[in-house]
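From the sequence below, what's the structure:
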Amino acid sequence: MVDDRRVVVIGSGPAGAMAAHELIRKGIPVVLLETGDDIQHGALVRVGGRNFYRRLPSMREAAGFVPTGDPETNLDYTYALGGLSNQWTGAVPRFCSEDFTAGEKVHEKYRWPVTYSELAPYYEIVERTMSITADPRDVPSLPAGYCDYRHRIPDDWQALARSALKHGQGFTTMPLADGPPLLLLRRGTAFNSFSILLEKLLKEQAFELVTGAHVLNLEWNGAAKKVVAAVYHDSATKTQKRISASAFVVACGPLNSPKLLFNSACSDHPNGLGNSTGLLGQYLHDHPREWWAVDVEAPITSLSPPAYLTRLPHATSDPLLACSWTIGTFGTIGTIKSRFGQKSRSFGVQVFGTMIPKEKYYLRPCADQRDEFGFPALEVHIEFEPEVLANVVGAREHLLNLLEDAGHNGTIREIVPQLYPGTAKHYGGAIRMHTSPKHGVTDACNRLHDAPNVLVVDASCFTTGAEKNPTLTVMALAARSADRLAGDLKAL
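This next block holds a predicted model:
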């Protein structure tokens, strides 16, 4: 007998895995549908709290998407158990309070419908699953979270921390889901959402995992005014199958989730499920990203784990434009030195910038191209405007100035520009959250305004993009929405 509270979760990446984990923990039965049929194998050797060797699996270009903005737009994707957690760095910084509210200085549509204080308990729920290494102290623009392993930046970097503080910035250990100090794994990441969150659920009677299940569309019942089933392609039998549920949690990723809603068009929703106000697919955003190396005059301790320089304060910055800096090793020699706590004259810097989400950056069905299942391919239209690129380029000089003030005169050795969309794998925003359907497709609990028994919990729900890695915030939002959904289903 099927439990009438059953929830279908679509996608086994960090968002879907966290939602399923919380629903099962609250006593709600879950069927999780995943396109992939295995995890991707890599390698990770971790000794003494340092990563001695890491080999990440490769990615492939996502099918069914057509770039029409920047021709260099990267669409690489992963269809596997665990999604992009097969490839990510493990960075888990929290958003700060202002990240959720600063956008309203530009327009009401950029104010998130959730606050930091509302999300903070769910941040900790997620953090307790991740074996995080961090410095458990607040710094400007980066609230401290729960960590299992404590690490402080080396003493000879403290002068840079003091220089950063003069500008209202924090300089600390990058919070990383790096796992325990000693690890030997046949995967490239310590935290994989399938291995850490879902594999243990396979023992639960209330949990079912269906792999090789590519969800094609959600089936709307006009009489009931809700979604009643998910239709998927079974890769093993090459047939279409249908599964019913009380609610559906969409976590296919920031490109595939909007595509699923467009594919789910019906007579009541002719332009796509949840698209009555025409916002579905709009406000697409991403992190501009670049990488470069710095040489300093005197040796300084190699950073392992890397350090994190937070953004300039919201109060003195242009709204929704910021950068963060991750500072780690450079080159083979620098990496080796970091493993043994030695000093080096060179280190690497990765910069993430932000962009203001705008209607002109979008996803929408192509008029003349189809995917392998006969649905319209999805047009991906995004590019980085000059002020967005200038913001990232300006981050170079700012860090050099901080280093000089700290007594570490530096010069940039080389720049690896990656200033085109998709290199960071941090797309978001095309099914954005907002309290009002005039400005958002989903509400404060991640539910479609037009179909409240459908929740979207991956980064496509982001109202704006902060300069931080989005994974922890994605998972916290997924945990929060699953908690609310479980409470509602239990009340039925």
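
Which secondary structure element of this structure has the lowest mean pLDDT?
Lowest by mean pLDDT, DSSP states H and E among the helices and strands of the chain is helix 331-339, with a mean of 59.

For this structure, which segments count as helices?
14-25, 97-101, 116-127, 158-166, 193, 256-263, 331-339, 386-405, 471-491 (DSSP state H).

May I see the buried residues of the first one?
Of the residues in helix 14-25, 14-24 count as buried by neighbour count, 16 or more other C-beta atoms under 10 Å. (Glycine included, C-beta is placed from N, CA and C.)

Provide a list of residues in contact with A482.
A482 makes contact with 18-23, 26, 249, 457 under the criterion C-beta atoms under 8 Å, 6 or more residues apart in numbering.

confidence score at it?
What the model reports as pLDDT for A482 is 98.

again with Q342
Predicted confidence (pLDDT) for Q342: 80.

Not counting its neighbours along the chain, what's nearest it?
S302 (6.0 Å; C-beta to C-beta, 6 or more residues apart in numbering).

Quick check: the gap between the one you found and W291.
Separation of S302 from W291 (C-beta to C-beta, to the nearest Å) stands at 17 Å.

go on, S481?
Here S481 is placed at a distance of 34 Å from W291 (C-beta to C-beta).

Neighbour count for those two, which is higher?
Applying other C-beta atoms under 10 Å to S481 and W291 shows that S481 carries more neighbours, namely 29 against 16.

If you drop the residues flanking it in sequence, what lies closest to that one?
Spatial nearest neighbour of S481, excluding adjacent residues (C-beta to C-beta, 6+ apart): N446 at 4.0 Å.

Show me where the stretch 101-250 of the chain has its strands.
Assigned by DSSP state E, counting those that start in this stretch, the strands in the stretch 101-250 of the chain fall at 133-134, 149-150, 171-173, 183-185, 207-210, 213-221, 226-234, 239-244, 247-250.

Indicate which one of these is closest to G103.
Closest of the strands of the stretch 101-250 of the chain to G103 is strand 247-250, at 23.8 Å (criterion: C-beta to C-beta).

Show me which positions of that closest one end up buried.
Neighbour-count burial for strand 247-250 flags 247-250 (criterion: 16+ other C-beta under 10 Å).

Could you dump the residues you listed into TSV with pLDDT added?
Shown next, in TSV, are those (pLDDT from 0 to 100):
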residue	pLDDT
A247	98
F248	98
V249	98
V250	98
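
now S344: how far from V47?
Distance of S344 to V47, given as C-beta to C-beta: 19 Å.

ok, these two, which is more surrounded?
S344 (21 against 13).

Am I right that that one is in contact with A298?
No: with contact defined as C-beta atoms under 8 Å, S344 does not reach A298; the gap is 10.6 Å.

residue ranges with poor pLDDT in the protein?
Scanning the chain for pLDDT under 70 picks out 1-3, 331-340, 417.

Where is the longest strand in it?
Counting by DSSP state E, the longest strand found in the chain is strand 289-301.

could you say what helices and strands that one packs with?
strand 343-353, helix 386-405, strand 410-418 (3 or more C-beta pairs under 8 Å, 6 or more residues apart in numbering; DSSP states H and E).

Tell me which of the ones you listed lies nearest to P470.
When the helices and strands packed on strand 289-301 are ranked by proximity to P470, the top entry is strand 343-353, at 10.0 Å, counting by C-beta to C-beta.

so what strands line up beside the closest one?
strand 289-301 (antiparallel), strand 323-328 (antiparallel) (DSSP bridges).

I'd guessed P306 sits against T326; true?
Yes: here P306 reaches T326: they are 5.3 Å apart, a contact under C-beta under 8 Å.

hey, what's in contact with both of the two?
Residues within reach of P306 and of T326 at once, by C-beta under 8 Å, 6+ apart, are M174.

Is it correct that A377 is in contact with R364?
No: under the criterion of C-beta under 8 Å, A377 makes no contact with R364, lying 10.3 Å away.

In this structure P67 contacts E61, no?
No: using C-beta under 8 Å, P67 makes no contact with E61, being 10.4 Å away.

Now stretch 199-209: buried residues?
By 16+ other C-beta under 10 Å, the buried positions in stretch 199-209 come out as 199, 201, 207-209.

Name the residues that touch that stretch?
Here stretch 199-209 makes contact (C-beta under 8 Å, 6+ apart) with 3, 12, 20-21, 24, 27-32, 34, 198.

how much space between the residue nearest to T101 when sequence neighbours are not counted and E199?
Nearest non-adjacent residue to T101, counting by C-beta to C-beta, 6+ apart: R111, 6.1 Å away. Distance from R111 to E199, counting by C-beta to C-beta: 38 Å.

Quickly note the distance from V294 to I415.
11 Å.

swap in Y361?
Separation of Y361 from I415 (C-beta to C-beta) stands at 25 Å.

For these two, indicate the residue with more neighbours.
Comparing Y361 with I415 by neighbour count (other C-beta under 10 Å), the higher total belongs to Y361, at 24 against 13.

and that one, how far is that from A491?
39 Å.

K226: neighbouring residues, count only.
15.

residues in contact with H398?
Listed by C-beta under 8 Å, 6+ apart, the contact set of H398 reads 312, 323.

sorry, that was for G253
11, 13, 77, 83-84, 458-460 are the contacts of G253 under C-beta under 8 Å, 6+ apart.

Now it: phi and psi?
phi 110, psi 160 (degrees, to the nearest 10).

which stretch among the strands of the stretch 101-250 of the chain comes nearest Q40?
strand 183-185 (12.2 Å).

what packs against the closest one?
strand 43-47.

partners of the strand it packs on in the sheet?
strand 50-55 (antiparallel), strand 183-185 (antiparallel).

quick one: buried residues of the shortest one?
Which is strand 183-185. Using 16+ other C-beta under 10 Å as the test for burial, strand 183-185 gives L185.

gap between the next helix or strand after it and the chain center?
Downstream of strand 183-185, the next assigned helix or strand under DSSP states H and E is helix 193. Centroid separation for helix 193 versus its chain: 12 Å, with C-alpha atoms, centre = their mean, to the nearest Å.

cool, and stretch 476-483?
Distance of stretch 476-483 from the chain centroid (C-alpha atoms, centre = their mean) equals 14 Å.

Pull it out as PDB, backbone CA atoms only.
Presented in PDB, the C-alpha positions along stretch 476-483 are these (Å, rounded to 0.1, in the frame of the first residue of the first chain):
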ATOM      1  CA  ALA A 476      20.200  24.800   4.100                       C
ATOM      2  CA  LEU A 477      17.200  26.000   2.000                       C
ATOM      3  CA  ALA A 478      16.500  22.400   1.000                       C
ATOM      4  CA  ALA A 479      16.500  21.300   4.700                       C
ATOM      5  CA  ARG A 480      14.200  24.200   5.600                       C
ATOM      6  CA  SER A 481      11.700  23.500   2.900                       C
ATOM      7  CA  ALA A 482      11.700  19.800   3.600                       C
ATOM      8  CA  ASP A 483      11.100  20.500   7.300                       C
END
